[in-house]
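Q: Sequence isn't available, so here's the structure alone:
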């Protein structure tokens, strides 16, 4: 298989042995009513062999296959509870056979499924050189799907499940339309590696992206040198395009689950997946909880089974009664109402401008006639804050956009960090879930490196600016420029006298101590004071998605 790019490679970051992996040896056992085949070699189209673990029913009947495709190690069991004790995943949610972010065989096998966990090419003890989120990896995944769909124990139907990376590659392989792929369950996974992980608004992620490739780096051969490649490709070029899903090619039935809480990782890409795939049968669910908790909690697993039973086992299930879209309108951490909708984004959304008033530090419904400025120290803890008080109960569900007019008093570039927060009637910040384990997060986040402000006119909409990332446009001294900042989608309810707060500053607004895992942006271009102009000819505003309640 010839590579599409001249990839960079490096020695592995760690060896399988240093991560506690045993020497590969095919072995078969019967445990807990399951036939388990471990380290089973599967030959790919170019002759490379990868190793998989297969869990299937002991009764010998035909089973539908569920695949978890991952670089994290098929043998790495129980890692989630050990590494992330604040994830909310209770011990009774999973068994000792559950691989990281993958379906639990002990649940699925007795219900007529075979669970397959794979070590992808070049990772752990699988042969070849590892590539990540790449077209070549998608071809390997295609080959495993076709292998699974043609085994003597298979009923010919294959489904895909799993969180994060396991979802990223669901998008990629579904583009290729393998004949035996019958249904996918993308559960929170980015679809555009550059925009959603590597460079938020053009600002490099200095922590989470390096953490990821170190976690993916266990190998006995060699791995893709993502560090070098990231440095060599600062803009969205053909290389990064190859690591973004071509969602319009996906036609397989899909049950897609996103969260409002993965601001800076999965929220945007999962929702883009639902918007852009062309599957005639697709459902969306969006929650405000911790993602691993929500994947493994029993009610969610029951809905997963209803979906897969329909498409993989041919059973009549509750699926015919599902609304196309279910969204949680959050009130505070782990409190909210699920709403049934017909589409995403919601068609009846009333996009409303709230104009920035620098003189009063507020947002208001009418344009501001008097010009003003607000400035802050871009290298310290300075920030600009604008508040809006709701007069009546209001649901904001969807995309937000921030139009600013900004100036750097020193330097030729600016990094802007934006947060939307909720305040209760007493002025206290209301907390929400953030990433997979934090409990004091924002309503939503946005980012922009001002030299990356140029928009992609074909992809941008009035409510969702999409950056082109094709070149730098540096600032002149004292130059005031307009910028449009994409704020990632969210869903939040506000009561009368509760407030929306807009925060703009020059560094990450939410910070946690190392080694806690989330996106950090420490390679700043900021110098001196940042100035925001609003009012008069500078019509700065926050565009909010007001969704009237049905009836």
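A: Arrived safely. Everything numeric in this text was worked out from a predicted model, so none of it was measured. Numbering: from 1, shown residues only.

Q: make it CA atoms for all contacts and neighbour counts henceforth
A: Will do.

Q: List the buried residues of the helix or strand of the chain at the bottom of the mean pLDDT ranking.
A: In the chain, no helix or strand scores lower on mean pLDDT, DSSP states H and E than helix 79-83, which sits at a mean of 85. Neighbour counts over helix 79-83 (16 or more other C-alpha atoms under 10 Å) mark 79-81 as buried.

Q: would a markdown table of these with distance to residue 215 be doable?
A: Supplementary listing: those in a markdown table, determined by distance: C-alpha to C-alpha, whole Å:
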| residue | distance to residue 215 |
| --- | --- |
| 79 | 12 |
| 80 | 13 |
| 81 | 17 |
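
Q: the strands in the stretch 201-350 of the chain, which residues?
A: With strands called from DSSP state E, counting those that start in this stretch, the stretch 201-350 of the chain shows them at 203-204, 222-224, 254-259, 282-287, 325-332, 335-341, 350-357.

Q: Just say which of these is most tucked in.
A: strand 254-259 (a mean of 25; mean count of other C-alpha atoms under 10 Å).

Q: Mind giving me the packing neighbours of that strand?
A: strand 181-187, helix 267-276, strand 282-287 (3 or more C-alpha pairs under 8 Å, 6 or more residues apart in numbering; DSSP states H and E).

Q: average pLDDT for stretch 241-260?
A: Average pLDDT, stretch 241-260: 98.

Q: What residues of that stretch count as buried?
A: For stretch 241-260, burial by neighbour count (16+ other C-alpha under 10 Å) applies to 242-247, 249-260.

Q: Kindly check the end-to-end length of that stretch for me.
A: Start to finish, the residues bounding stretch 241-260 are 25 Å apart (C-alpha to C-alpha, to the nearest Å).

Q: how much distance is there from that stretch to the middle of the chain?
A: Relative to the chain's own centre, stretch 241-260 is displaced by 11 Å; criterion: C-alpha atoms, centre = their mean, to the nearest Å.

Q: And stretch 469-487, by the same measure?
A: So, by C-alpha atoms, centre = their mean, the centroid of stretch 469-487 is 26 Å from its chain's centroid.

Q: Would you tell me which of the helices and strands packed on strand 254-259 gets closest to residue 528?
A: helix 267-276 (31.6 Å; C-alpha to C-alpha).

Q: Just the buried positions in that closest one, please.
A: Using 16+ other C-alpha under 10 Å as the test for burial, helix 267-276 gives 267-271, 273-275.

Q: which secondary structure elements does it contact?
A: Checking 3+ C-alpha pairs under 8 Å, 6+ apart, helix 267-276 ends up next to strand 254-259, strand 282-287, strand 481-494.

Q: Can you add distance to residue 50 and give the ones you listed back as CSV?
A: Listed next are the helices and strands packed on helix 267-276 as CSV, based on distance: least, C-alpha to C-alpha, whole Å:
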stretch, distance to residue 50
strand 254-259, 27
strand 282-287, 31
strand 481-494, 37
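
Q: Relative to residue 95, which of the ones you listed is closest?
A: Across these, residue 95 has its closest neighbour in strand 254-259 (22.4 Å, C-alpha to C-alpha).

Q: Do you have the helices of the protein handy? List them.
A: 79-83, 105-108, 135-148, 165-174, 193, 208-215, 226-232, 238-241, 267-276, 291-296, 298-312 (DSSP state H).

Q: Dump the ones you listed to TSV, plus distance to residue 402.
A: As requested, those are arranged in TSV below (distance: least, C-alpha to C-alpha, whole Å):
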stretch	distance to residue 402
helix 79-83	37
helix 105-108	45
helix 135-148	35
helix 165-174	28
helix 193	23
helix 208-215	25
helix 226-232	28
helix 238-241	26
helix 267-276	16
helix 291-296	27
helix 298-312	34
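
Q: So which of these is the most surrounded?
A: Comparing the helices of the chain by mean neighbour count (mean count of other C-alpha under 10 Å), helix 165-174 ranks first with a mean of 26.

Q: returning to that earlier point: is it possible to export the helices and strands packed on strand 254-259 to JSON lines including mean pLDDT?
A: JSON lines is the format used below for the helices and strands packed on strand 254-259 (pLDDT from 0 to 100):
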{"stretch": "strand 181-187", "mean pLDDT": "98"}
{"stretch": "helix 267-276", "mean pLDDT": "98"}
{"stretch": "strand 282-287", "mean pLDDT": "98"}
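
Q: Could you dump those into a markdown table with distance to residue 4 added?
A: Formatted as a markdown table, the helices and strands packed on strand 254-259 follow (distance: least, C-alpha to C-alpha, whole Å):
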| stretch | distance to residue 4 |
| --- | --- |
| strand 181-187 | 24 |
| helix 267-276 | 24 |
| strand 282-287 | 31 |
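
Q: among the ones you listed, which is nearest residue 366?
A: helix 267-276 (29.8 Å).

Q: what's that closest one in contact with?
A: 171, 186-192, 196, 247-248, 256-261, 282-284, 344-345, 488-489 (C-alpha atoms under 8 Å, 6 or more residues apart in numbering).

Q: now that helix, how far from the centre of its chain.
A: Going by C-alpha atoms, centre = their mean, the spacing between the C-alpha centre of helix 267-276 and its chain's C-alpha centre is 9 Å.

Q: How about stretch 187-194?
A: Taking mean C-alpha positions (C-alpha atoms, centre = their mean), stretch 187-194 and its chain are 4 Å apart.

Q: Number of residues surrounding residue 542?
A: 23 (other C-alpha atoms under 10 Å).

Q: what's the answer for residue 133, then?
A: Count around residue 133 with other C-alpha under 10 Å applied: 20.

Q: looking at it, it is touching residue 170, isn't it?
A: No. Residue 133 lies out of contact with residue 170 (C-alpha atoms under 8 Å); the separation is 10.2 Å.

Q: From residue 320, how far out is the residue lying closest to residue 445 once chain neighbours are set aside?
A: The shortest distance from residue 445 to any non-neighbouring residue, by C-alpha to C-alpha, 6 or more residues apart in numbering, is to residue 419 (4.6 Å). Here residue 419 is placed at a distance of 39 Å from residue 320 (C-alpha to C-alpha).

Q: And residue 403, by the same measure?
A: 42 Å.

Q: Same question for residue 112.
A: Taking C-alpha to C-alpha, one finds residue 112 at 21 Å from residue 320.

Q: Looking at these two, which one has more neighbours?
A: Neighbour comparison, residue 112 and residue 320: the larger count goes to residue 112, with 20 against 11 (by other C-alpha under 10 Å).

Q: For the most centrally placed residue in the chain, which residues are in contact?
A: Closest to where the C-alpha atoms of the chain average out (C-alpha atoms, centre = their mean) is residue 266, at 1.1 Å. Residues in contact with residue 266 (C-alpha under 8 Å, 6+ apart) are 164, 188-190, 196, 258-259.

Q: Residue 401 too?
A: So, once contact is read as C-alpha under 8 Å, 6+ apart, residue 401 ends up touching 463-465, 484-487, 542-544.

Q: TSV for the residues you listed, including distance to residue 333 and pLDDT?
A: As requested, the contacts of residue 401 are arranged in TSV below (distance: C-alpha to C-alpha, whole Å; pLDDT from 0 to 100):
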residue	distance to residue 333	pLDDT
463	26	98
464	26	98
465	28	98
484	29	98
485	26	98
486	24	98
487	20	98
542	24	99
543	24	99
544	21	99
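
Q: For stretch 221-235, measure first residue to last.
A: Taking C-alpha to C-alpha, stretch 221-235 runs 29 Å from one end to the other.
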